[in-house]
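**Student:** Sequence and predicted model, in that order:
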Amino acid sequence: MLPRLFFDHFHTTSFVFVDQDTVVGFVVGFISRDNPEIAYIHFTGVDPEYRKQGVASQLYRSFISQAQSAGCRYIKCVTSPINTDSLAYHHKLGFRATDYDDKEQPIAIDNYDGAGNHRVQLTLDIG
């Protein structure tokens, strides 16, 4: 559940995937006001019944295309270090974590989203 403000204020950089009048996927993002070379994906979701059918990839392509048109060079996002599906998906797309350990596992940033909420920051170079 996302606050309406994302769709009211970031509608040019947020996309939905609809199948027979049902929203089955979405990506919500924006371009950084402080650093216009960076676009940020805030939230992505795909109905479990539609996973592995290219929905997320199509949504990401739309977001990346919009970001490139706006002059962005990088896409950033964060995910939980225990969300191995998300980490694998982003890695497959070419996203790289800010840092890796000696076993090439992404290193989370401690307390990124508040106490106990560690996140892996990911970046995709689109420049």
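**Tutor:** That came through, no problem. Residues are numbered from 1 along each chain as shown.
**Student:** which one in this structure is furthest away from the centre?
**Tutor:** Centroid-distance maximum for the chain: D102 at 25.4 Å, with Cα atoms, centre = their mean.
**Student:** Tell me if that residue really is in a strand.
**Tutor:** No - checked against DSSP: H, G, I helix; E, B strand; the rest coil, D102 lies outside a strand; its state is coil.
**Student:** how close does it sit to T123?
**Tutor:** D102 sits 21 Å away from T123, taking Cβ to Cβ, to the nearest Å as the criterion. All C-beta atoms are positioned from the backbone trio N, CA, C, and that covers glycine.
**Student:** same thing with F43?
**Tutor:** Remark: distance between F43 and T123 (Cβ to Cβ) = 17 Å.
**Student:** So between these two, which is more surrounded?
**Tutor:** Counting neighbours by other Cβ atoms under 10 Å for F43 and for T123 shows that T123 has the greater number, 16 against 12.
**Student:** quick one: secondary structure of S62?
**Tutor:** Assigned with three-state DSSP, S62 falls in the helix class.
**Student:** show me the residues around it that make contact.
**Tutor:** F15, V27 (Cβ atoms under 8 Å, 6 or more residues apart in numbering).
**Student:** What pLDDT does the model give it?
**Tutor:** The model reports S62 with a pLDDT of 96.
**Student:** Same check on R119?
**Tutor:** Reported pLDDT for R119: 97.
**Student:** Report the beta-bridge partner residues of it.
**Tutor:** I109 (DSSP bridges).
**Student:** who's in contact with it?
**Tutor:** V78, T79, S80, P81, A108, I109, Y112, D113.
**Student:** what number of residues lie near the fifth one?
**Tutor:** When neighbours are defined as other Cβ under 10 Å, A108 has 20 of them.
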